[in-house]
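In: quick one: sequence plus predicted model below, questions after.
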Amino acid sequence: MSAQEARIAVRVTARTAVARDVVTLDLAPVDAAPLPAWTPGAHVDLEVRPGLERQYSLVATTADGHWRVAVLREQEGRGGSAAVHDVLVPGETVAVRGPRNHFAFDPARPAVFVAGGIGITPILPMIALAEADGTPWTLHYAGRDRAGMAFAGDLAAAHPAQVRLYPGDEGTRLDVPGLLAGPSDAVVYACGPRRLVDAVVAAGAHRGPDAVRVERFTAADDATAPGEPFEAELALSGITVTVPPDRSLLDVVEDAGVLVLSSCREGTCGTCETPVLEGEVEHRDTVLSAEEHAEGLTMMICVSRARGGCPRLVLDL
């Protein structure tokens, strides 16, 4: 089992309110082994309780080597963030898995960071690394109001020339097309609500491959829609399964007795990423980049399927 797949028992050592409905949790290993290293943009799978697992971005490693995550209590969520807020207090133990990173930061190139609400969390350590490496950067951070914008005050105070805040209740508006118009060698990193991320992707399309990198918290519109039936050969297991229109490849593979790590089951976390040996994929995830979709080397089997007209995949499972 790889380090990303192994569950690690951690204890909550500190909990701090950093904005309305947002808390940070410091997580220390229960045993003596240090926590794995991670890079900006990484997240961990946090098992709030058996059967309830959610993904949270790492925002920092504390001076004593503990992980720090920030969690928004989502009033319209599915219960994971509410459980974190209600249950995880200092002294409680919880299992985590990871870290894994599908939102990598390149400190060798100038950066434009765009964050909406809790989307600031994966960007925070990117800013820290940019500062440490001398990478030119700017941050454009939008939210409903300042009270709900975690870390906004500290960021603006520490970097007044580089941070621009857009609290909606103050009448400020982030003009994404205007921000990203024209040529630039900067990489754009965006995370936040779907509407904001979609606007960044559209406005930055002229910048070329790998110049706009995003992380999404919500599933694609067609993530769980029915599709064409197809076959999947599991090369390592030596079996072939048939996936009907109304079931996911992940569900069918699990029914066949093949163990696959998974978490979100809606194509947003990357846990079930599986190498593709043959076949064309209809990608429905929001994790892989457009370039990775075009390459077709891996897929998220919780939502993605065989492309219509090519109804067979061979997977490294």
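Out: Noted; the coordinates are in hand. What you see is a predicted model, and the numbers here were worked out from it, not measured in a lab.
In: can you pull out the helices in the chain?
Out: 80-87, 120-133, 152-158, 176-180, 194-203, 249-255, 290-295 (DSSP state H).
In: out of these, which is the most enclosed?
Out: Burial of these is given as mean neighbour count (mean count of other CB atoms under 10 Å); helix 120-133 ranks first at a mean of 20. From N, CA and C alone the C-beta is placed, and that goes for glycine too.
In: regarding this protein, what is its longest strand?
Out: The residue-count maximum for a strand in the chain (DSSP state E) belongs to strand 7-19.
In: return the list of strands paired to it, each annotated with direction.
Out: In the sheet containing strand 7-19, its partner strands are strand 22-29 (antiparallel), strand 93-100 (antiparallel), by DSSP bridges.
In: redo the ones you listed as a markdown table? Include distance to E254.
Out: Formatted as a markdown table, these follow (distance: least, CB to CB, whole Å):
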| stretch | distance to E254 |
| --- | --- |
| strand 22-29 | 29 |
| strand 93-100 | 17 |
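In: present these as TSV; the columns should include mean pLDDT, distance to V287 and mean neighbour count.
Out: Below are those laid out as TSV (pLDDT from 0 to 100; distance: least, CB to CB, whole Å; neighbours: other CB atoms under 10 Å):
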stretch	mean pLDDT	distance to V287	mean neighbour count
strand 22-29	96	23	21
strand 93-100	92	10	20
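In: ok, C302 to R15 distance?
Out: From C302 over to R15 the distance is 31 Å, taken as CB to CB, to the nearest Å.
In: between the two, which one's more packed in?
Out: Applying other CB atoms under 10 Å to C302 and R15 shows that C302 carries more neighbours, namely 28 against 17.
In: a markdown table for the helices of the chain, including mean pLDDT and distance to A37?
Out: Output for the helices of the chain, formatted as a markdown table (pLDDT from 0 to 100; distance: least, CB to CB, whole Å):
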| stretch | mean pLDDT | distance to A37 |
| --- | --- | --- |
| helix 80-87 | 87 | 24 |
| helix 120-133 | 98 | 12 |
| helix 152-158 | 97 | 24 |
| helix 176-180 | 96 | 32 |
| helix 194-203 | 94 | 28 |
| helix 249-255 | 95 | 29 |
| helix 290-295 | 88 | 23 |
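In: out of these, nearest to H102?
Out: Set against H102 and scored by CB to CB, these come closest in helix 290-295, at 8.9 Å.
In: outline the domain layout of this structure.
Out: Annotated domains of the chain cover 7-98, 111-216, 230-315 [automatic domain parsing].
In: closest one to A223 among the ones you listed?
Out: For the domains of the chain, distance to A223 was read as CB to CB. The smallest value, 4.4 Å, belongs to domain 230-315.
In: any low-confidence regions in this structure?
Out: The chain contains residues with pLDDT under 70 at 1-5, 76-79.
In: what segments of the stretch 101-250 of the chain are strands?
Out: With DSSP state E, counting those that start in this stretch as the criterion, the stretch 101-250 of the chain has strands at 111-116, 137-143, 163-167, 187-192, 212-216, 230-234, 239-243.
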